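Participant: Quick one: sequence and predicted model below, then my questions.
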Amino acid sequence: MTGSRHLQIVTPAREAQPQVRFCGHCGEPPAAEDVASRVCERCGLGLLLQADADAAPGHGEAFLVVDSSLTVCAVSQHAEHVLGVLEPDAVDRRVTEFLVPADVEGPGPEMLINEILNLGAGGGEPLRVVLRPTGDFGVRIFARLAACGPPRAALVILGDE
């Protein structure tokens, strides 16, 4: 055998979770489960997304949806208050304009970028991180990162302790 073999760490597959639907603006589940519309009937502003039941935002949680190009696609009404920005001003901008890892001596924005790219591509496990608003030091926001879609994107839920 002339080629060298490489050892790989094999992680056990995550058990399939039930999926739940929620609005990308108000965060609420659809009024009717078999709704044909992709737009939320409750608020009329957000697209209906889905995520694993254990990763989806709960009632009143602030969250952002970020695509694989690191662009903010949606900002919940509660995240508008947490970040101090209206959704129209945040959409189509890079997530790192608003949030970066809180640990200034840690891996920096690359860690957040890598996790979002991984989740946006459909891989990775939900994880908890500590973020801060870009440009603010001393402010900590506990967050949960998970996959959502369609289309595939990363869900950044703010204020998760």
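Facilitator: Looks like it came in fine. Residues are numbered from 1 along each chain as shown.
Participant: only C-alpha atoms for contact and neighbour calcs from this point on.
Facilitator: Fine.
Participant: Now do the SS call for Glu80.
Facilitator: For Glu80, the secondary-structure state derived from DSSP: H, G, I helix; E, B strand; the rest coil is helix.
Participant: Tell me the spacing between the closest residue to it other than its chain neighbours and Phe98.
Facilitator: Once its chain neighbours are removed from consideration, Glu80 has its nearest residue in Leu86; the separation is 5.3 Å (Cα to Cα, 6 or more residues apart in numbering). Taking Cα to Cα, to the nearest Å as the measure, Leu86 falls 12 Å from Phe98.
Participant: how deep is the residue nearest to Glu80 tucked in, by neighbour count?
Facilitator: For Leu86, the tally of surrounding residues (other Cα atoms under 10 Å) stands at 14.
Participant: I'd like to know how far it sits from Ala36.
Facilitator: Relative to Ala36, and taking Cα to Cα, Leu86 is found at 28 Å.
Participant: Buried residues, the lowest-mean-pLDDT helix or strand in the chain. List them.
Facilitator: Every helix and strand in the chain was compared by mean pLDDT, DSSP states H and E; the lowest is helix 109-120, with a mean of 77. Within helix 109-120, the residues that qualify as buried are 109, 112-113, 115-120, counting by 16 or more other Cα atoms under 10 Å.
Participant: Strands of this protein, residue ranges please.
Facilitator: Secondary structure of the chain, counting by DSSP state E: strands at 19-23, 48-52, 62-66, 72-75, 99-101, 127-133, 141-148, 153-158.
Participant: want to throw these into CSV with distance to Asp92?
Facilitator: Converted to CSV, the strands of the chain look like this (distance: least, Cα to Cα, whole Å):
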stretch, distance to Asp92
strand 19-23, 18
strand 48-52, 18
strand 62-66, 9
strand 72-75, 5
strand 99-101, 15
strand 127-133, 18
strand 141-148, 18
strand 153-158, 14
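Participant: Including mean pLDDT and mean neighbour count, could those strands go into JSON lines?
Facilitator: Rendered in JSON lines, the data for these read as follows (pLDDT from 0 to 100; neighbours: other Cα atoms under 10 Å):
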{"stretch": "strand 19-23", "mean pLDDT": "92", "mean neighbour count": "20"}
{"stretch": "strand 48-52", "mean pLDDT": "92", "mean neighbour count": "22"}
{"stretch": "strand 62-66", "mean pLDDT": "95", "mean neighbour count": "27"}
{"stretch": "strand 72-75", "mean pLDDT": "95", "mean neighbour count": "24"}
{"stretch": "strand 99-101", "mean pLDDT": "86", "mean neighbour count": "22"}
{"stretch": "strand 127-133", "mean pLDDT": "87", "mean neighbour count": "18"}
{"stretch": "strand 141-148", "mean pLDDT": "91", "mean neighbour count": "24"}
{"stretch": "strand 153-158", "mean pLDDT": "92", "mean neighbour count": "27"}
